[in-house]
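A.B. asks: please find the sequence and the predicted model below.
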Amino acid sequence: VPLPGVFLVGIVAAAVETSAAAGLGLRFNRPAESTWKRTQCGSPSGEHPAVPAGPYTEGVDYPGNDIIKCPAGAAKVDNGCVLAPDATPMDCEAMCNNTENCVAYIFAPANCSQQSGPLCWAKGSIGQKDPRPCRNSKVMGQPASTGTDIPTQWGKTVQPSSDILPEYPRPQMVRGSVSTDHTINFEDAVDRLRDQGDLSKWTNLNGLWEWEPATDDSVVPFGKTLASSILVPFPVESCLSGVAPNSSDNIVMKMWYRITFDAPALETMDGSHLQLNFGAIDWNSTVYLNRKMLGNHVGGYDGFSFTIDPSALNPSGNELIVYVYDPSDTGSQPNGKQRISAISRPGGDTYTPSSGIWQTVWIESVPDVFIESLTINQASTTAVTVTTQLSDEGTETVSYSVKDATGAIVASGSNEGHVPTTITIPSPQLWNCTSPTLYTLVVTVGSDTVTSYFGLRTYELGDGPKGKRPLLNGKFAFAAGFLDQSWWPDGQYTAPTDDALAYDVEVLATFGLNMIRLHQKVNSERWYYHADKNGVLIFQDMVQKYGGASSNTIPFFVSDLQAMIKGRGNHPSIVQIETFNEGDCWSVFKTPPYDVPGIVALARKVDTNARLVDTDSGGGANNLHIGDVNDIHSYPWPGDPQPSETQYAMVGEFGGIGAFQEGHMWTPSGCHTYLHVDTATEEASTYVQMAEKIKANADHISASVYTQTTDLENECDGFLNYDRTNKFSEEDTNAIKAANLALRQAAETANNI
């Protein structure tokens, strides 16, 4: 029985469309395109009937979205305004009447406000009545709303008839080699390989699959057509999935995915085996092929694979089923900023969940003995060390060739599989922010070839004028960046296209920045590839259990931490690991080996690239001073952390300036932020003042992280709106860029003299 509020479209068995992939000759029987419909890319809570005006009522609050715009001279406290000591409800009502889009006000008398005068909140929208002593309210009248629909320019183009995220999902480990086509140069040819893969060796499974809630997860629906269709790999709760719930009450925690396919060319398939790959599924998944379980995976942010013998396939009628269980924030596992109740009650700094398959699914052909993974240690200015993990434990010889941008082989080597191999690079060109040189690495064992890449670079502590500094290739480079949560109004965790994914990295240069602190999320491989190509420094957060952490969280956290470092560890752009954030969950890590020092030690042990480790960005564990960074959070104005003999100083979060722009909001009139301003020009000028404040301390502060790249649902403090449109005029954008470049130059001059 379909769950209420979940978009389900009946699918008859005959209503399927077959898509073929030339490479492996597989033909997928997908639901008809007419079974999918994009839902509204905006908060369901923005849809509400008209609410008539009502009387002033004591003891009633209306949770909803605050409009933080106080009269001149009035202090802002908890999103409300402190009025004069003798202010009455009528003064609060006058404030509401003078505030655009105010539909209700809440008045807390001075004896309740704990301030110098009464508190008044202007509401842009209202929810259900909430009886609360000392909170009095009046509804001025709320018009009906159909909510908002704010897909990005890329999300608007997504249709089941188009190729869904068709790019090869693992550009640092492409099975195949660069084409010998001499009509394009080597650099363009290798870029094409990283984008397309070798089309004879892989097939993309993205697109329409069958889907339905698992009302009885003990019975696998073998041979059954499921009740709806979903556009993979968009999370269930995203508008691009086609099945997004319209309220928190209708969240789906247990679900089935199903797709059938034909394999008529098994005997001519290029390879002895097939490898079925999942980029990421949130959270606990079990995969079945032709009524047999291939395996189970637990973890929402790392990829996994299954090797399939072609004998397990039939020429037609093959059935692939995926079961997913995702408790989101109700579980013990690290789930980052996901919150189920945000569907119906958006706000704060937690957001709509991203359940189910959320990264690309693909199949590729592999020989009997194949390259399973690579470990690349590029933390050097002269050599790279590579370890090739093979599919067996044998001693097959692995050959390595290193090529420069022209395709010329500049170095080579060979060794047994599973054994570290160091290759010295003559006259090396280093990876840095202004010249992010990437060497192509070709790895071959038997009939299997993988094309990879690396960038030689070091990032380590060195001495500065007043304490430690981080040095990139032996020179100080100030890291000025965004806090980036990498959420999308149309795809949630999943960018709608690869161009959209790249945009969030490339936009840094527009604002004169060179670093991203990826906050509470692990992105797809292609996001890091864009950072590698663009010379962007990545400070990688470990995903936290954001609220509600317990001892049950620890084994999941440890497993996810190791998977994150191993899974993304080959990217030269990642130079620092943030093990904890604020007070999110570090306090439950009390007992060795998994106390806080033990987690820092584990991160260092698993990492093969000598990255710096930030123990706790802006939280209490930062005071233990056991990592490489003294990292403070300071809102809205940046603070002044100090370096020491063992740590460099970083403002890990500051800012949160918000100019709210109608037509770009997740919920109509629903925005909030740390520091509200009226116009984008005021937001830009305020940011410039903040950058100047950091610049004044540039002789000892080494990194700063502004909150944040984009608005995110109702947290509207981005340089970009949530739909990725720029808030600023060209003049304002240039002013921000100039301030950031001046900050970076002043810091580097102070340190590198």
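C.D. replies: Yep, it's here.
A.B. asks: without its sequence neighbours, what residue ends up closest to the residue lying farthest from the centre of the chain?
C.D. replies: In the chain, the greatest distance from the average C-alpha position (Cα atoms, centre = their mean) is reached by Asp86, at 48.1 Å. Leaving out its chain neighbours, the residue that sits closest to Asp86 by Cβ to Cβ, 6 or more residues apart in numbering is Gly117, at 7.7 Å. The way it works is simple: take the backbone N, C-alpha and C, and place the C-beta from them, glycine included.
A.B. asks: the one you found contacts Thr88, doesn't it?
C.D. replies: No. Assessed by Cβ atoms under 8 Å, Gly117 is found out of contact with Thr88, at 10.7 Å.
A.B. asks: neighbour count: those two, which is higher?
C.D. replies: Neighbours per residue, other Cβ atoms under 10 Å: of Gly117 and Thr88, the larger number sits with Gly117, 18 against 13.
A.B. asks: show me where the protein has helices.
C.D. replies: Ranges of helices in the chain, per DSSP state H, are 89-97, 110-113, 186-196, 498-510, 525-534, 553-568, 596-606, 680-695, 730-752.
A.B. asks: looking at these, which is closest to Leu441?
C.D. replies: helix 186-196 (10.7 Å; Cβ to Cβ).
A.B. asks: same for that closest one, what does it pack against?
C.D. replies: Contacts of helix 186-196 with other secondary structure elements, assessed using 3 or more Cβ pairs under 8 Å, 6 or more residues apart in numbering; DSSP states H and E, are made with strand 448-454.
A.B. asks: other SSEs contacting the strand it packs on?
C.D. replies: strand 174-175, helix 186-196, strand 371-377, strand 439-445.
A.B. asks: need these in JSON lines (columns: mean pLDDT, mean neighbour count and distance to Tyr528).
C.D. replies: Supplementary listing: those in JSON lines, determined by pLDDT from 0 to 100; neighbours: other Cβ atoms under 10 Å; distance: least, Cβ to Cβ, whole Å:
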{"stretch": "strand 174-175", "mean pLDDT": "96", "mean neighbour count": "24", "distance to Tyr528": "15"}
{"stretch": "helix 186-196", "mean pLDDT": "95", "mean neighbour count": "17", "distance to Tyr528": "12"}
{"stretch": "strand 371-377", "mean pLDDT": "97", "mean neighbour count": "19", "distance to Tyr528": "13"}
{"stretch": "strand 439-445", "mean pLDDT": "98", "mean neighbour count": "21", "distance to Tyr528": "16"}
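A.B. asks: what would the ones you listed look like in a markdown table with distance to Cys134?
C.D. replies: Output for these, formatted as a markdown table (distance: least, Cβ to Cβ, whole Å):
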| stretch | distance to Cys134 |
| --- | --- |
| strand 174-175 | 63 |
| helix 186-196 | 60 |
| strand 371-377 | 60 |
| strand 439-445 | 66 |
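A.B. asks: which residues touch the closest residue to Tyr257 other than its chain neighbours?
C.D. replies: Here the nearest residue to Tyr257 in space, its sequence neighbours aside, is Val322; by Cβ to Cβ, 6+ apart that works out to 4.1 Å. The neighbours of Val322, taking Cβ atoms under 8 Å, 6 or more residues apart in numbering as the test, are 256-258, 281, 285-288, 357.
A.B. asks: out of these, which is most surrounded?
C.D. replies: For those, the largest neighbour count, defined by other Cβ under 10 Å, is 30 neighbours, found at Ile281.
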